[in-house]
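Enquirer: give me the fold of what follows.
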Amino acid sequence: MELDDLKRSWKEQPVETTKNTNIMELIQHKSRGPVAALKRGFRKQMLIMLLMPGFIFITNSMNAEGLLRSILFWSYVVFCLFAVLYFYFDYRIATRMESMEGAVKANLEKQTFLLEKRLRWKMIGLPIITLFFILLLEVLPYVQHYRMLNTWHNLSPLIRFGAYGLLLLLQYVASRSINERKFGAHLRHLKELVKEMRD
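Expert: Residues are numbered from 1 along each chain as shown. A predicted model of the protein is given here:
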């Protein structure tokens, strides 16, 4: 009887190991795996945030001196640097998912939960950042004078605040759609794969 139990447990062990190995291969697939997709998304966002200030500088190169004195421009540069740092930490979390050390399932669950939490923070933070820049646009003409901002302030407050409301709405819809496509779907897929793993 004991010999039968031993045979049965011996046969079951490789199946569990194989299943976990196959799931880890799916998770860690270099081009199609959910971790690779998350890392690609974070890298792209870091690159965009690094290039945006340079793009703004090049498109305003005729007024480079004025741009370099602009509070609005430097506020945007600081925002981009913080965004790069934020996405870098997300990238590091995703990289840790590739580690096979310790309790693999527990590690994956922890990192997935952390990324989901940070994604929620991002969804809360984006409208706050947008409101900060709206406030800056409204206050800045009293501190620094720019022809473009003066033209904007000559418009009716109804038009200006209507445009701000539309911007906030578009930002909300676009950021939800982008986050779902680039991150949310991959995180859900990852959670499903982790659920299938045995401890």
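Enquirer: state the number of residues packed around Lys117.
Expert: Number of residues near Lys117 (other CB atoms under 10 Å) recorded here: 10. The C-beta positions use only the backbone N, C-alpha and C, and glycine is treated the same way.
Enquirer: summarise which helices and strands the helix or strand it falls within is packed against.
Expert: Using DSSP states H and E, the element containing Lys117 is helix 104-139. Counting by 3 or more CB pairs under 8 Å, 6 or more residues apart in numbering; DSSP states H and E, the packing neighbours recorded for helix 104-139 are helix 2-28, helix 71-96, helix 157-179, helix 185-196.
Enquirer: just read off the phi/psi values of Ser70.
Expert: Torsion angles at Ser70 (phi, psi; degrees, to the nearest 10) stand at phi -80, psi 130.
Enquirer: ok, it touching His145?
Expert: No - with contact defined as CB atoms under 8 Å, Ser70 does not count as touching His145 (11.0 Å).
Enquirer: more neighbours: the two, which one.
Expert: Applying other CB under 10 Å to Ser70 and His145 shows that Ser70 carries more neighbours, namely 19 against 9.
Enquirer: any weak-confidence spans in the protein?
Expert: Low-confidence segments of the chain (pLDDT under 70): 1-31, 99-103, 198-199.
Enquirer: need the contact list for Leu137.
Expert: By CB atoms under 8 Å, 6 or more residues apart in numbering, the contact set of Leu137 is Leu72, Leu149, Trp152.
Enquirer: now tabulate the residues you listed in a markdown table and tack on distance to Leu137.
Expert: Output for the contacts of Leu137, formatted as a markdown table (distance: CB to CB, whole Å):
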| residue | distance to Leu137 |
| --- | --- |
| Leu72 | 7 |
| Leu149 | 7 |
| Trp152 | 7 |
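Enquirer: a markdown table please, covering the residues you listed and showing neighbour count and distance to Leu85.
Expert: Below are the contacts of Leu137 laid out as a markdown table (neighbours: other CB atoms under 10 Å; distance: CB to CB, whole Å):
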| residue | neighbour count | distance to Leu85 |
| --- | --- | --- |
| Leu72 | 17 | 21 |
| Leu149 | 17 | 29 |
| Trp152 | 16 | 31 |
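Enquirer: for these, which one is nearest Leu119?
Expert: Closest approach between those and Leu119, by CB to CB: Leu72, at 28.0 Å.
Enquirer: with that, I have no additional questions.
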